[in-house]
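Engineer: model the structure of this input:
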Amino acid sequence: MTTARGRPGRPPLTEERRAAVRLEIAHAAVELFVAQGVTATTGEQIGRAAGVSARTVWRYFPTKESCVRPLFSAGIDMVAAALRRWQPGRSLEQAFDDLWTVDSRLPGLDIGALLRLTRTEPGLRAVWLQTHDEAEPAFARALAERAGLPPDDARPAIGAAMLNAALRAAVEHHAYRTTDPGSDREEALADLIGNLRTAVAMTSAGLL
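Structural biologist: All right, here's what the predicted structure looks like:
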């Protein structure tokens with residue numbers, strides 16, 4: 001009598017490792033896009049630069065432009081987490097304090113060149129805007145839960161749209177102005193944080 005055995009091969013990747021692979025592909029794609037443009041870049045090139053096969057690239061991303069999405073979504077995920085942690089009795093600015101003090105978590109400096117490409121590459125611009133568009137429901141849910149409002153209440157949705165637009169404008173303003181790759185990182189970081197603080201302060205009065 002024989003015993004059934006599972007197929008040989010490598011064990012499945014953990015969620016953490018899958019996220020790391022996605023990020024490696026994203027960084028490789030950005031470097032190639034900046035160096036030679038989106039049109040001239042292929043999935044095979046992205047895979048080689050990331051140390052994976054082209055098949056792996058397409059397993060994780062439907063298009064080469066979408067390979068950069070992990071870099072776009074990193075900051076948005078942090079904003080959503082900060083909103084979920086926002087406690088009654090604290091200002092919105094205080095809820096975001098952790099984001100300003102741990103600079104390694106801020107993605108703005110890493111995606112500056114990528115954001116500048118979105119001005120001339122419609123495919124990348126579409127991914128950037130879609131990422132923000134899909135973030136608004138998460139922002140709205142966090143605001144609704146904090147205020148004890150039903151999910152379909154318009155006020156959290158309006159507040160989420162205000163904050164989303166302000167943060168996007170702040171990051172874009174920073175990226176479009178920081179074009180020198182040799183510029184001082186601390187100075188650039190201070191500029192980005194200043195823009196984000198302004199965005200939060202200008203929208204906080206209208207939030208719940």
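Engineer: only C-alpha atoms from now on, for both contacts and neighbour counts.
Structural biologist: Noted.
Engineer: any idea of the pLDDT on A4?
Structural biologist: We have a pLDDT of 44 for A4.
Engineer: how long is stretch 49-58 end to end?
Structural biologist: With Cα to Cα, to the nearest Å as the measure, stretch 49-58 spans 14 Å from end to end.
Engineer: quick one: distance of it to the chain centre.
Structural biologist: 21 Å (Cα atoms, centre = their mean, to the nearest Å).
Engineer: in it, which residues are buried?
Structural biologist: For stretch 49-58, a neighbour-count test (16 or more other Cα atoms under 10 Å) marks 49-50, 52-54, 56-57 as buried.
Engineer: and the lengthiest helix in the chain, what's its mean pLDDT?
Structural biologist: As assigned by DSSP state H, the longest helix anywhere in the chain is helix 122-147. Averaged across helix 122-147, the pLDDT comes to 93.
Engineer: got it, and stretch 67-75?
Structural biologist: Stretch 67-75 comes out at a mean pLDDT of 90.
Engineer: can you show me the CA trace of it as PDB?
Structural biologist: Provided in PDB are the C-alpha atoms of stretch 67-75 (Å, rounded to 0.1, in the frame of the first residue of the first chain):
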ATOM      1  CA  CYS A  67       4.600  47.100 -10.500                       C
ATOM      2  CA  VAL A  68       5.200  50.400  -8.700                       C
ATOM      3  CA  ARG A  69       2.000  50.300  -6.700                       C
ATOM      4  CA  PRO A  70       3.600  49.000  -3.500                       C
ATOM      5  CA  LEU A  71       5.600  52.300  -3.300                       C
ATOM      6  CA  PHE A  72       2.500  54.400  -3.900                       C
ATOM      7  CA  SER A  73       0.300  52.400  -1.400                       C
ATOM      8  CA  ALA A  74       2.900  52.400   1.500                       C
ATOM      9  CA  GLY A  75       2.200  55.900   2.600                       C
END
